[in-house]
Each structure stands twice: as C-alpha cells, then as structure tokens.
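Asks: Here's a sequence, model it:
(one chain, ligands or ions: 2)
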Amino acid sequence: MEVHNVALTISAVRPEQYPKDGLPEIAFVGRSNVGKSSLTNTLINRKAFARTSSQPGKTQTLNFYRVEDEVYFVDVPGYGYAKVSRKEREKWGVMIETYLSQRQELKGVISLVDARHEPSEEDINMYNWLLYYEIPVLVVATKADKIARGKWNKAESVIKKALDFDPTVSDFQMFSSETKYGKEQVWDWIEAHMG
Ligand SMILES: Nc1nc2c(ncn2[C@@H]2O[C@H](COP(=O)(O)OP(=O)(O)OP(=O)(O)O)[C@@H](O)[C@H]2O)c(=O)[nH]1
Ligand SMILES: [Mg+2]
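Replies: Ligands and ions are numbered 1, 2, ... in the order given. A predicted model of the protein is given here:
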C-alpha cells in the first residue's frame, strides 16, 4: 500500500474510547523497546509519526493510527518494562487483554521479537495467548540489521523453536527498520488480513 494519509486518531484505555467507525485493525505488540513504533513508522513511510522512544515504558495507552481510511494500526504499549509498578502492570494487563480478546475489528496481531535473542517468557506467553484466542499472528523478528545475513536462518529457527511456532496458524518475517528489509512482506500480510 502506498501510504499518503495517516492520522493519529485516538489514544484509548477503555473500550468506549476505541474508534467507532468499524475499520479493520492490526495491532503491534512486543516488549518495550523491541521496535513497535519503528515498524509502524516504516510501514507508513514516516520518520517519527508513532513516537519512538529512548524512554521505554513511556507509551501507556492504545494508540490508533488511521491509515488511508482503510485500516487502523494499533500501537500497544510494550510489556516487560521493569520500572513500572505492579499496579501499573495490572492496569496494563487488563487494558491489553480486554482489547485483544474482545475487539471485533481486530483482524490480526503483529508480534515483535528481537532477532538477536531467544524470545522471552513474556514473548512466548503472548504468542500462545494470541493462538488461544485464534487471532492471526505474524511474528516479526526486528533489528535484523544487527545480525549478519548468514545468521538469519539460525536466528529464525531459534525463535520458532522457543515459541513452538505453529506455521498453520501463524507467519514469520525478518525485519529491519534501518534497512526496511521485510517492509513489503509485512504489508502483504496486513493486506491479506484486513478482510
Ligand atoms: N538497528 C535497529 N534499531 C531499531 C530497529 N527498530 C527499532 N530500533 C531502535 O530501538 C529503539 C526502540 O524502538 P521503538 O520503535 O521506540 O520501540 P517500541 O517497541 O515502540 O518501544 P516502546 O514504545 O517503549 O514499547 C529505538 O532506539 C529504535 O531506533 C531496527 O530494526 N534496527
Ligand atoms: Mg513505541
């Protein structure tokens, strides 16, 4: 998709604050700092539309970006940020689980993991949780530019093994917001799931 028009429409915490126009939604999840906002910006050809942060844990609301009046990208605040209080984490959990488990307009989730590392327990939990709710999921391994091309296959198999990746209900893509590698494939997946 050639993107020309993007608007940050809504920051929401509760369902009554979600958009009401019925457009399909694709959500981006992953631990804090993994590159959710960077992936969003790459997809919509913006340098800094979704705020990228040197301050992890900053984003605390669901941010809905309306892309070309066709789809919302939903930037979900990152998990696994140690410095937030337990109370904050519980609020976060309720907000995310409510959104992911109940939202009719949600057509797919892009679950980001760091290409350099084995997925964390939280990454694994999130992946299993999405499969349990039968939400189509694209696992995107980010920061691929930080490992040598010759090691990509190994990185992919490490990630898939840790997740117990199920290729019948999910897909996988290497990605870099530095080189834009994988951008077209991620867009193809999104367009195939917009319904
Ligand atoms: N080299 C490289 N750096 C990346 C890539 N993606 C993101 N980064 C960097 O990683 C840092 C975090 O990126 P963000 O996109 O803000 O991460 P986020 O997941 O949105 O973080 P939160 O909003 O805090 O949850 C920034 O310094 C980015 O520049 C990538 O593909 N390659
Ligand atoms: Mg972010």
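
Asks: and the lengthiest strand in the chain, average pLDDT?
Replies: Longest among the strand segments of the chain by residue count, using DSSP state E, is strand 106-114. Mean per-residue pLDDT for strand 106-114: 98.

Asks: what's the neighbour count on residue 126?
Replies: 26 (other C-beta atoms under 10 Å). Bear in mind the C-beta positions are built from the backbone N, C-alpha and C, glycine included.

Asks: The one 4 residues further on too?
Replies: Applying other C-beta under 10 Å, we find 22 other residues in the vicinity of residue 130.

Asks: Next up, the contacts around it.
Replies: 100, 109, 111, 137 (C-beta atoms under 8 Å, 6 or more residues apart in numbering).

Asks: Let's see that with 6 Å instead.
Replies: 109, 137 (C-beta atoms under 6 Å, 6 or more residues apart in numbering).

Asks: same question, residue 155
Replies: 115, 147.

Asks: any residue of the helix or strand containing residue 124 up close to ligand 1?
Replies: Per DSSP states H and E, residue 124 falls inside helix 121-132. No. Using C-beta under 6 Å from any ligand atom, we find that helix 121-132 stays clear of ligand 1, coming within 12.3 Å at best.

Asks: List the buried residues of that helix.
Replies: 123, 126, 127, 129, 130, 131 (16 or more other C-beta atoms under 10 Å).

Asks: Give me the local confidence score for the most far-flung residue of the chain relative to its centre.
Replies: When each C-alpha in the chain is compared with the mean C-alpha position (C-alpha atoms, centre = their mean), residue 150 comes out farthest, at 25.7 Å. Looking at residue 150, its pLDDT stands at 98.

Asks: Surely it forms part of a helix?
Replies: Yes. Under DSSP: H, G, I helix; E, B strand; the rest coil, residue 150 falls within a helix.

Asks: on that earlier part again, pLDDT (mean, whole number) over the next helix or strand after the helix holding residue 124?
Replies: Going down the chain from helix 121-132, the next helix or strand is strand 137-142, by DSSP H and E. The predicted model assigns strand 137-142 a mean pLDDT of 98.

Asks: and strand 137-142 with ligand 1, contact?
Replies: Yes. Counting by C-beta under 6 Å from any ligand atom, ligand 1 is contacted by strand 137-142 at residue 142.

Asks: what are the pairing partners of that strand, and which direction each?
Replies: strand 106-114 (parallel), strand 170-174 (parallel) (DSSP bridges).

Asks: The longest one vs ligand 1: in contact?
Replies: In this case it means strand 106-114. No. Strand 106-114 does not reach ligand 1 (C-beta under 6 Å from any ligand atom); its nearest approach is 6.7 Å.
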